[in-house]
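> Here is the input, now give the coordinates:
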Amino acid sequence: MDLRPPHFATPAVRPIVNRPPTPPLWTIGDALATYGVDSWAKGFFGVSPQGEVEVYLEQEGERVALSLLEIVNEAQRDGLHAPLLLRFPDLLAARLERLNASFHNAMRRCQYRGRYRGVYPTKVNQQRQVIEQITRCGRRYHFGLEVGSKPELLAALAYLRDPQALLVCNGYKDRQFIDLALSAQQLGMQVILVLEMPGELDLVLERAALRGVTPTLGVRAKLATRHEGRWSRSSGEGSVFGLNTDQILAVVDRLKAAGKLDCLRMLHYHQGSQVPDIGAVRDAAMEASRIYVELAREGASMGFLDIGGGLAVDYDGSHSNTPSSRNYGTLEYASDVVEAVMTVCDEAGQPHPDIVSESGRALTAYYSVLIFNVLEVNRFCAPPAPQTFSGTPHRFLESLRSVAARLTDENTQECYNDAVYYRGELLALFNHGQISLRERAHADHLFRGILSRIQSRLKDLPKGPDSLDPLPDLHDVYYGNFSIFQSLPDSWAIDQWFPIMPIHRLCEKPTQTAIVADITCDCDGRLDQFLVDGRRQAGLPLHPLGIGEDYFLGVFLVGAYQETLGDLHNLLGDPNVVSVHLEEGRTRCLAQSRGDSLAEVLEYVAYDPPQLVDRFRKLVGNATRAGNITTRQADAMVATYRDGLRGDTYFSCSTTLQTGASDSEPRPAGPHSSRSDPADGRPGRYPRPD
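This next block holds a predicted model:
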């Protein structure tokens, strides 16, 4: 008998078997599924074969893939370090095209006899680049702007150049606001002043009479229809915005008395941002359409129905009726609105109005991505089995040890409940001085071990009990070089969920589970809820840090509200900004803008940087005269202080990663960079109105 191992067998007698290749342990498909990319990215983001997140931009009908890591590395070579806010104007244009196409297709299919007249609500993101892109790319659709304050109105007047585009003026209006709007009308712009308060009408008529202008007016209706999203307080009769039916009729009667009823052209309503349920969208459109036709029957000229905002973004990719998602698509949204308006108007024998929407979140969310590097990791290590306690342990300590010994898949919930109970009793005993610190430490060790084992078992179960979701304390903590309060304020303020994932190393299986903390001195500066494999959980799969290498995470869909709402907690200012777009020949252009310097953020809170230097110099001078430091040391300290004022507010890191792209991979060639003035925007200081 031949006792040699099989690999020494003679080829002539060895049977040849065609076996399928062994599948890899981790694939790009696994990465896409783990982080839910295909669910929330809507075709704008993906993962390359090299394991890097790509953004997909279009030029002349051809899709071009750009690696986010390559963009970050190029910015770092130019001196702009993380955190970085990446802006993609081409995605803004793509969302604008998709929104208009959805309404146009819905109207064509239904043979709707009005037009779609979209406007961008500037409050969602007032950055100049956004307004420029909207007005430039929206001109083919006669896409207009909506404003709700004097600063927004001033910006709109400077950039809206299409005489067929609407300029919808919402919000509270004083004389200066009204005069500016009427001036725009005299210049040939299609301005609609929407009445939000009963007392606004007389002031508008007074200012219009002084200028000899016939104003175009709208009224904002306070609908009874409500929705259940985060901004539900903007809907329903309890909303602080708009006029009830009595007040609307009072406006009609006042206009009739003044012989100005022909000025009333628009009915406006707003359900609030991020409406998750299509049923609420349809119901509101039906109710508003009834009010619209009644105003037409009263003799108002009408012609415009402004459905406001509410078109939601599917942040978590679940396509569900939940606050961070929606149970409909853009085309379904447009179709339901068009059908509701058409049905009511046809029944009433009224012409179909032009439909106006203010879908700012849906336009801008995909436009920006926050990139930050991980500074450090506080790793959670499962404790080893404790040694036997010396001495006579308390009976509750013995009970806790018994829980650890009998833990199985079948009694996980029971053991969890028992462990929490006994640990609580032991803490109470310690606080009353009835057990020692060593007994307390032994109990803590046992408890952490039990929770760690429970967590490991839950990973292997299809679905564990909700009360046994892994606790954040059992995860690693990855400290990111960013401020949640500056760059992701809605995550802190309203528990808004944003997609987050590594932007590279996605060919590797992530072996750690972590929460993410920022560098503020605040316990709220953390991200601890994530969507992983289609399920919400408290930890995000991440990779261990490499020695001497940066590890970058990306937070996506941050283009709506976050830049304006960001605040200066811990005096952490605006991050550096890189705007990426395609030029002719598939060449990417990086327009760069530096974030806030230390001097700038100190000026925000009323410090004068030269005075700070003088005061510090006096402090150093006192130490020099006292003989505590030398003159050379004093000069070095003052120079360091001055240099600090010129630096940015975040950690500076110089490591640049080598990307996985190969020379054979088709990529846009020849990147070019240009710098713009750093004054590209300032942090917001006030809460967002609904």
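> Please, where are all the strands along the stretch 501-650 of the chain?
Here the stretch 501-650 of the chain has its strands, by DSSP state E, counting those that start in this stretch, at 512-517, 526-527, 530-532, 535-537, 540-542, 552-555, 576-583, 587-593.
> could I get those strands as CSV with distance to Gly242?
No exception for glycine: its C-beta is placed from N, CA and C like everyone else's. Supplementary listing: the strands of the stretch 501-650 of the chain in CSV, determined by distance: least, C-beta to C-beta, whole Å:
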stretch, distance to Gly242
strand 512-517, 40
strand 526-527, 36
strand 530-532, 35
strand 535-537, 35
strand 540-542, 41
strand 552-555, 34
strand 576-583, 36
strand 587-593, 38
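> export the ones you listed to JSON lines and tack on mean pLDDT?
Shown next, in JSON lines, are these (pLDDT from 0 to 100):
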{"stretch": "strand 512-517", "mean pLDDT": "94"}
{"stretch": "strand 526-527", "mean pLDDT": "94"}
{"stretch": "strand 530-532", "mean pLDDT": "91"}
{"stretch": "strand 535-537", "mean pLDDT": "86"}
{"stretch": "strand 540-542", "mean pLDDT": "96"}
{"stretch": "strand 552-555", "mean pLDDT": "98"}
{"stretch": "strand 576-583", "mean pLDDT": "90"}
{"stretch": "strand 587-593", "mean pLDDT": "77"}
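> Of these, which stretch is the most buried?
strand 552-555 (a mean of 24; mean count of other C-beta atoms under 10 Å).
> which residues are contacting that strand?
53, 68-69, 72, 82, 369-374, 478, 480, 487-488, 498-504, 516, 542, 657 (C-beta atoms under 8 Å, 6 or more residues apart in numbering).
> thinking again about what came up before, who wins for proximity to Val251 among the strands of the stretch 501-650 of the chain?
strand 576-583 (43.6 Å; C-beta to C-beta).
> quick one, the closest one and strand 587-593 angle?
150 degrees (axes from the mean of the first three to the mean of the last three C-alpha atoms, to 10 degrees).
> who touches strand 576-583?
By C-beta under 8 Å, 6+ apart, the list of residues contacting strand 576-583 reads 55, 57, 59, 64, 66, 71, 75, 80-90, 129, 588-595, 648, 668, 672, 680.
> For the lengthiest strand in the chain, buried residues please.
With secondary structure taken from DSSP state E, the chain has its longest strand at strand 368-378. Residues Ser368, Val369, Leu370, Ile371, Phe372, Asn373, Val374, Leu375, Val377 are the ones in strand 368-378 that count as buried (16 or more other C-beta atoms under 10 Å).
> hang on, the first one packs against Glu563?
Yes - taking contacts as C-beta atoms under 8 Å, Ser368 lies within contact range of Glu563: 7.3 Å.
> anything in contact with each of those two?
With C-beta under 8 Å, 6+ apart as the test, Ser368 and Glu563 both reach Leu85.
> Contact partners for the residue most central in space within the chain?
Geometric centre of the chain, nearest residue: Val558, 2.8 Å, by C-alpha atoms, centre = their mean. Contact partners of Val558, counting by C-beta under 8 Å, 6+ apart, are Leu85, Ala365, Ser368, Val369, Leu370, Ser487, Leu488, Phe498.
> Would you check that Met197 makes contact with Asp174?
No - using C-beta under 8 Å, Met197 is not in contact with Asp174, being 11.4 Å away.
> So for those two, which residue has more residues nearby?
Met197 (15 against 10; other C-beta atoms under 10 Å).
> tell me which element the more buried one falls in.
For Met197, there is no enclosing helix or strand under DSSP states H and E.
> Would you quantify the distance from the residue nearest to the centre of the chain to Glu600?
Using C-beta to C-beta, to the nearest Å, Val558 is found at 22 Å from Glu600.
> which phi and psi does Phe304 have?
phi -130, psi 130 (degrees, to the nearest 10).
> mean confidence for the host helix or strand of Ala181?
Secondary structure assignment for Ala181, by DSSP H and E: helix 175-186. Averaged over helix 175-186, pLDDT sits at 97.
> what does it contact?
With contact meaning C-beta under 8 Å, 6+ apart, helix 175-186 is reached by 149-150, 153-154, 157, 167, 169, 171, 173, 191, 193, 203-204, 207-208, 211, 213, 215-216.
> Now that helix: buried residues?
Phe177, Ile178, Leu180, Ala181, Leu182, Ala184, Gln185.
> now the nearest residue to Arg617 once chain neighbours are set aside: how far from Arg615?
In space, and not counting its chain neighbours, Arg617 is closest to Val638: 5.5 Å by C-beta to C-beta, 6 or more residues apart in numbering. To Arg615, Val638 is 11 Å away according to C-beta to C-beta.
> who has more neighbours, those two?
Val638 (16 against 12).
> Toward the C-terminus, what is the element adjacent to whichever strand or helix holds Ile71?
Assigned by DSSP H and E, Ile71 belongs to helix 68-77. Next along the chain after helix 68-77, taking DSSP H and E as the criterion, comes strand 84-87.
> for that following strand, what is the average pLDDT?
Mean pLDDT, computed over strand 84-87, is 97.
> who does it touch, helix- and strand-wise?
helix 68-77, strand 368-378, strand 576-583 (3 or more C-beta pairs under 8 Å, 6 or more residues apart in numbering; DSSP states H and E).
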